[in-house]
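Trainee: Here's my sequence, what's the structure:
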Amino acid sequence: MLAALALCLVLAGCGGGLSRAEYEHAAESGIAARDRQSHLASAQLELAALRTHLPGLDWGPHASDELCDLDLSGHTTFGSPPPDSLACRTSVVQYTGFDGDLPAAIRRLDDSLTAAGWTRGTTDVNMPINYYQWYKGRPEGPRTYDAGSLPGLYYTAAHTTACATQPQPWSLAVTWLEAGQPLGPGQYTVSRYSTTDTPFYQHRDPLDRSAAALVLLATHHYVTVLVLSLRCVYTPTDLRN
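Mentor: Numbers count the residues shown, from 1 in each chain. Predicted coordinates for the structure are as follows:
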């Protein structure tokens with residue numbers, strides 16, 4: 001259903017949308033492109049701040065993902081953007097290694113982030129801690145339950161970063177990996193947010209995500225994966241201005 005709507009919007013102009021060429025221009029060299037460049041610079045500042053708030057981690061490489069596609073996140077509520085809007089997401093994934101007690105490390109990370117002004121989402125910090133203590137080592141197909149199986153924690157920044165349309169806060173997703181067995185599925189990629197098979201713009205840093213994690217896991221027992229994300233939505237009116 002979503003794919004059919006996307007095709008209708010792009011090819012037939014349903015709902016007053018732009019042509020594909022206009023969407024691509026806006027995504028690649030227009031208002032959305034200017035925002036993405038600003039957000040990549042902002043992400044570097046956010047990572048530098050996180051580095052001061054999260055001591056004791058071995059900071060490995062990071063990489064960025066950028067994606068612009070039709071906004072099909074739902075448009076039935078009052079004040080939501082029209083279904084022919086353009087949604088662009090900038091994400092930066094950072095790999096960090098550490099050793100020691102994982103439950104204690106998770107609690108320290110949560111304490112540090114909330115003290116720095118990040119607001120935790122609906123997942124309680126005790127959930128990944130308890131799951132690790134309850135289920136570690138349980139067989140799960142070719143793997144056993146470990147840090148890579150845990151539910152992640154999600155945070156929202158107290159401050160906002162400018163989209164050309166309206167300010168938005170950075171979000172932060174935190175997950176973990178553990179040495180000793182093959183990495184599980186789900187190494188982070190922004191392409192999972194694509195609403196069509198052919199997004200208007202997509203750029204992915206060439207860093208091999210699994211290899212980056214494995215380098216850290218060769219010298220540390222755990223890896224914390226930090227993913228900063230920022231999403232901006234542009235209506236056709238925004239894109240034409």
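Trainee: Note down every partner strand of the host helix or strand of residue 94 and its orientation.
Mentor: For residue 94, the enclosing helix or strand under DSSP states H and E is strand 86-98. Paired neighbours of strand 86-98 in the sheet (DSSP bridges): strand 58-70 (antiparallel), strand 222-234 (antiparallel).
Trainee: Looking at those strands, which is nearest to residue 197?
Mentor: strand 58-70 (10.0 Å; CB to CB). Heads up, the C-betas are built off the backbone N, CA and C, glycines and all.
Trainee: so how far is that closest one from its chain's centroid?
Mentor: Its chain's C-alpha centre and that of strand 58-70 lie 8 Å apart, by CA atoms, centre = their mean, to the nearest Å.
Trainee: what comes up buried for stretch 19-35?
Mentor: 22, 23, 24, 25, 26, 27, 30, 31, 32, 33, 35 (16 or more other CB atoms under 10 Å).
Trainee: ok, so of the residues you listed, who is nearest residue 90?
Mentor: For those, the nearest to residue 90 is residue 35 (8.0 Å; CB to CB).
Trainee: The closest one touches residue 161, doesn't it?
Mentor: No - using CB atoms under 8 Å, residue 35 makes no contact with residue 161, being 9.2 Å away.
Trainee: one step back: just the buried residues of stretch 19-35 now: which is nearest residue 87?
Mentor: Nearest to residue 87 among those, with distances taken as CB to CB, is residue 32, at 9.2 Å.
Trainee: Help me confirm that that closest one is found in a helix?
Mentor: Yes - using DSSP: H, G, I helix; E, B strand; the rest coil, the assignment for residue 32 is a helix.
Trainee: residues in contact with it?
Mentor: For residue 32, the contacting residues are 26, 68, 86, 88, 164, 201, 232, 234, 239, by CB atoms under 8 Å, 6 or more residues apart in numbering.
Trainee: Now rank those residues by neighbours and give me the top one.
Mentor: residue 86 (28 neighbours; other CB atoms under 10 Å).
Trainee: Excluding residues flanking it in the chain, which one is nearest that residue?
Mentor: Spatial nearest neighbour of residue 86, chain neighbours left out: residue 234 (4.6 Å); criterion: CB to CB, 6 or more residues apart in numbering.
Trainee: Please apply the same query to residue 215.
Mentor: Using CB to CB, 6+ apart and skipping residues adjacent in sequence, the residue nearest residue 215 is residue 60, 6.7 Å away.
Trainee: Touching, the one you found and residue 51? I think so.
Mentor: No - using CB under 8 Å as the test, residue 60 is too far from residue 51 to be in contact (11.9 Å).
Trainee: Compare those two (neighbour count), which wins?
Mentor: Legend: neighbour count by other CB under 10 Å for residue 60 and residue 51, higher for residue 60 (17 against 13).
Trainee: Many thanks, have a good one.
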